[in-house]
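J.: Just a sequence and a predicted model for now, questions to come.
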Amino acid sequence: DPGRAGVAERPITIDDVVTKTAIAAGTAIVAGTLTAVSGLYVLALPAFIVGFIVSLVLIFKPHLAKAPLVLLYSASMGVALGGISGLLNNVYPGIALQAIVGTAGVFIGMLVVYKTGAVRVTPRFTKWLLGAMVGVIVLMLFNLVLSLFGINTGLRDGGPLAIIFSLVVIGVGGFSLLVDFDQADQAIKGGAAASFAWYIA
């Protein structure tokens with residue numbers, strides 16, 4: 001098990017998780033801000049592809065989750081989000097700031113929910129969340145394919161169905177943070193290796 005602390009490596013602490021997560025988040029924020037400010041929105045798609053490939057590597061090979069790959073993922077996704085945010089902000093001024101504040105609010109809210117124990121992360125909860133995530137992804141892909149043929153499913157037109165769908169997606173994303181927080185908690189309680197903090201980040 002690559003997450004377990006070996007003889008030569010100390011166990012993970014909450015400081016390890018917080019520090020590595022702050023470094024990864026800071027990298028994404030700097031990369032995203034530079035992309036948005038520079039106007040290099042064209043980099044969003046290639047950066048997303050790089051980030052997606054790196055995320056698959058990290059998911060299936062967690063022992064490779066060290067600073068270089070994690071920071072490459074963070075920078076790539078920062079560029080992707082910065083490009084998309086900058087582009088959308090040109091069309092809908094102020095939307096990027098709303099998205100950033102909303103994301104920070106959901107993160108803080110879910111952290112409070114997790115720490116107070118208002119929602120417990122159980123195997124059943126995790127299965128439910130995974131099913132919801134798959135359902136959302138399938139529905140989004142279905143909507144994308146139909147939109148290529150000019151068919152409007154109502155999921156992205158700003159109507160009531162689109163608002164409900166957006167709230168469901170935000171909810172699924174928010175609840176997925178609980179699983180992340182629980183993973184960090186379990187790694188600390190289980191004495192995982194300190195280097196595992198990069199994977200958690």
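T.: Received the coordinates, thanks.
J.: quick one: which helix or strand includes Gly174?
T.: Assigned by DSSP states H and E, Gly174 falls within helix 160-190.
J.: show me where pLDDT drops low in the protein?
T.: Across the chain, the ranges flagged by pLDDT under 70 are 1-8.
J.: can you give me the helices in it?
T.: Listed in chain order, the helices of the chain (DSSP state H) span 14-38, 44-60, 67-91, 95-116, 123-148, 160-190, 197-200.
J.: Could you dump the ones you listed into a markdown table and include distance to Gly154?
T.: From N, CA and C alone the C-beta is placed, and that goes for glycine too. Formatted as a markdown table, those follow (distance: least, CB to CB, whole Å):
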| stretch | distance to Gly154 |
| --- | --- |
| helix 14-38 | 30 |
| helix 44-60 | 26 |
| helix 67-91 | 20 |
| helix 95-116 | 21 |
| helix 123-148 | 9 |
| helix 160-190 | 4 |
| helix 197-200 | 38 |
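J.: quick one, which of those is packed in tightest?
T.: With neighbours taken as mean count of other CB atoms under 10 Å, the helices of the chain reach their highest mean count in helix 197-200, at a mean of 24.
J.: Now do it: distance to the chain's middle.
T.: 13 Å (CA atoms, centre = their mean, to the nearest Å).
J.: With stretch 129-137 instead?
T.: Centre-to-centre, stretch 129-137 and its host chain are 14 Å apart (CA atoms, centre = their mean).
J.: neighbouring contacts of it?
T.: Stretch 129-137 has contacts (CB atoms under 8 Å, 6 or more residues apart in numbering) with 168-169, 172, 175-176, 179.
J.: mind running it again at 6 Å?
T.: Outside stretch 129-137, the residues that touch it by CB atoms under 6 Å, 6 or more residues apart in numbering are 169, 172, 175.
J.: Pick the one among the residues you listed closest to Leu144.
T.: Val169 (13.9 Å; CB to CB).
J.: List the contacts of that closest one.
T.: Val169 neighbours (CB under 6 Å, 6+ apart): Val136.
J.: switch to 10 Å and redo it
T.: The neighbourhood of Val169, defined by CB atoms under 10 Å, 6 or more residues apart in numbering, consists of 132-133, 136-137, 139-140, 155.
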